[in-house]
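Colleague: Fold the following and give me the result.
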Amino acid sequence: MATRRFSEEPAFVLHRYDWSESSLVLEVFTRHHGRIALVAKGVKRPTSQFRPVLLPLQPLHLSWGGDAEVRTLKSAQWQGGHVMPTGEALLSGCYLNELLMRLLARDDPHAALYDHYTLAVQLLAERADAQQLILRAFELLLLRDIGLLPDLAHEGNTLAALQDGVFYVLGPESGLRVAHGDDAHALSGEQWCSLQIALDEADPLIATLRACVGCQQALQPQLRNLLHYHSGVRVFKTRQLMLDVQAMGRPRASPEAASTNFQTTP
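Modeller: The predicted structure follows:
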């Protein structure tokens, strides 16, 4: 039986670890094949053509072959289109990579999610003042696309439509429920419905980013609970590193200012 080969597949490197003294195993997110593992033979040698190319948060075209769980990388080319995020935006991009590593099964294609990720990485590089909005929007789309986000326009237990003027909180098992007096991070029915409408738009990342304006602080801990619950971890390593960097007192622009007339670069 001939070995299967795939050529010029759009992909991003999510993670890499040692395979041998000269080789690495790469966890990559591809558009048509989902998350897969590739061995890059000889990539740690100074003369390897792969060394300057196989970087995270860079759009690539990859070719590989093999039928085993870990395939063999044949070629890698930088696709171009945007520069790598830097500084705090680089940490945000690594956080997106950790989410994909923990929540995506191997060989499970998510073409639409790949496109959302591509745009999110581009926006992180271009709009440092909108990082938190970009992260919240991508978290929602990730949970929605892998089937872990409940309907945001209806209560989870009763399936009743959300009511204007009533506040709700999102739980990892029951979905949305009416907020109690001790729920510190509730959102109104109007806000949850706006998020659901945005997720259903033709360009959902930008629409959801805009819908997050004004509610991103209350949304963050609720999405974090869902992500921790479904990934089985108490804290993401990259998020803890982000918090440590922010605790050093680095100033940031407000999310509201960042989202004013928010447009992507042509």
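Colleague: residue ranges of the helices in the stretch 51-200 of the chain, please?
Modeller: Taking DSSP state H, counting those that start in this stretch as the criterion, the stretch 51-200 of the chain carries its helices at 88-103, 111-126, 131-145, 189-199.
Colleague: Quick one: distance of the first one to the chain centre.
Modeller: The offset between the C-alpha centroid of helix 88-103 and the centroid of the whole chain comes to 6 Å, using Cα atoms, centre = their mean, to the nearest Å.
Colleague: So which bits of that helix are buried?
Modeller: The neighbour-count check on helix 88-103 (16 or more other Cβ atoms under 10 Å) flags 88-100, 103 as buried. Every residue, glycine included, has its C-beta placed from N, CA and C.
Colleague: if we can go back for a sec, could you provide the helices of the stretch 51-200 of the chain in CSV, with additional columns for mean pLDDT and distance to residue 169?
Modeller: Output for these, formatted as CSV (pLDDT from 0 to 100; distance: least, Cβ to Cβ, whole Å):
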stretch, mean pLDDT, distance to residue 169
helix 88-103, 94, 22
helix 111-126, 96, 25
helix 131-145, 97, 15
helix 189-199, 98, 10
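Colleague: Of all these, which one comes closest to residue 217?
Modeller: Closest approach to residue 217 among the helices of the stretch 51-200 of the chain (Cβ to Cβ): helix 131-145, 8.3 Å.
Colleague: Tell me which residues are up against the closest one.
Modeller: 88-89, 92, 95-96, 99-100, 103, 110, 112-113, 116-117, 120, 123-124, 127, 149, 195, 199, 204-205, 208-209, 212-213, 216, 219-220, 223, 226-227, 230, 252, 255, 258-259 (Cβ atoms under 8 Å, 6 or more residues apart in numbering).
Colleague: tell me, how many neighbours does the residue nearest to residue 18 when sequence neighbours are not counted end up with?
Modeller: Among residues not flanking residue 18 along the chain, residue 24 sits closest, at 6.3 Å (Cβ to Cβ, 6 or more residues apart in numbering). Using other Cβ atoms under 10 Å, residue 24 has 21 neighbouring residues.
Colleague: ok so, going back, make a ChimeraX selection of whichever of the contacts of helix 131-145 turn out to be buried.
Modeller: In ChimeraX, this line selects whichever of the contacts of helix 131-145 come out buried by 16+ other Cβ under 10 Å:
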select :88,89,92,95,96,99,100,103,110,113,116,117,120,123,124,127,149,195,199,204,205,208,209,212,213,216,219,220,223,226,227,255,258,259
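Colleague: now the angle from the top strand by length along the chain to helix 111-126?
Modeller: Looking across the chain with DSSP state E, the single longest strand is strand 5-18. Angle, strand 5-18 to helix 111-126, by axes from the mean of the first three to the mean of the last three Cα atoms, to 10 degrees: 50 degrees.
Colleague: Now do the buried residues in strand 5-18.
Modeller: For strand 5-18, burial by neighbour count (16+ other Cβ under 10 Å) applies to 6, 9-16.
Colleague: same question, stretch 128-148
Modeller: Of the residues in stretch 128-148, 128, 130-146 count as buried by neighbour count, 16+ other Cβ under 10 Å.
Colleague: With stretch 16-33 instead?
Modeller: Here stretch 16-33 shows 16, 19, 23-31, 33 as buried, counting by 16+ other Cβ under 10 Å.
Colleague: any idea which element residue 205 lies in?
Modeller: Using DSSP states H and E, residue 205 falls within helix 204-211.
Colleague: tell me the average confidence for the next helix or strand after that helix?
Modeller: Counting by DSSP H and E, the next helix or strand C-terminal to helix 204-211 is helix 216-231. For helix 216-231, mean pLDDT rounds to 94.
Colleague: Format the CA atom coordinates belonging to stretch 165-185 as PDB.
Modeller: Provided in PDB are the C-alpha atoms of stretch 165-185 (Å, rounded to 0.1, in the frame of the first residue of the first chain):
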ATOM      1  CA  GLY A 165     -33.600  42.900  32.500                       C
ATOM      2  CA  VAL A 166     -32.900  39.600  34.100                       C
ATOM      3  CA  PHE A 167     -29.300  38.500  34.800                       C
ATOM      4  CA  TYR A 168     -27.900  35.100  34.200                       C
ATOM      5  CA  VAL A 169     -24.700  33.200  34.800                       C
ATOM      6  CA  LEU A 170     -23.100  30.400  32.700                       C
ATOM      7  CA  GLY A 171     -22.300  27.100  34.300                       C
ATOM      8  CA  PRO A 172     -20.100  24.300  32.900                       C
ATOM      9  CA  GLU A 173     -22.900  21.600  33.100                       C
ATOM     10  CA  SER A 174     -26.200  23.400  33.300                       C
ATOM     11  CA  GLY A 175     -25.700  26.200  30.800                       C
ATOM     12  CA  LEU A 176     -27.300  29.600  31.600                       C
ATOM     13  CA  ARG A 177     -29.300  30.000  34.800                       C
ATOM     14  CA  VAL A 178     -30.900  33.000  36.600                       C
ATOM     15  CA  ALA A 179     -28.200  34.700  38.700                       C
ATOM     16  CA  HIS A 180     -28.400  34.700  42.500                       C
ATOM     17  CA  GLY A 181     -27.500  37.500  44.900                       C
ATOM     18  CA  ASP A 182     -24.000  36.100  45.400                       C
ATOM     19  CA  ASP A 183     -23.200  35.700  41.700                       C
ATOM     20  CA  ALA A 184     -20.600  38.400  41.000                       C
ATOM     21  CA  HIS A 185     -20.200  38.000  37.300                       C
END
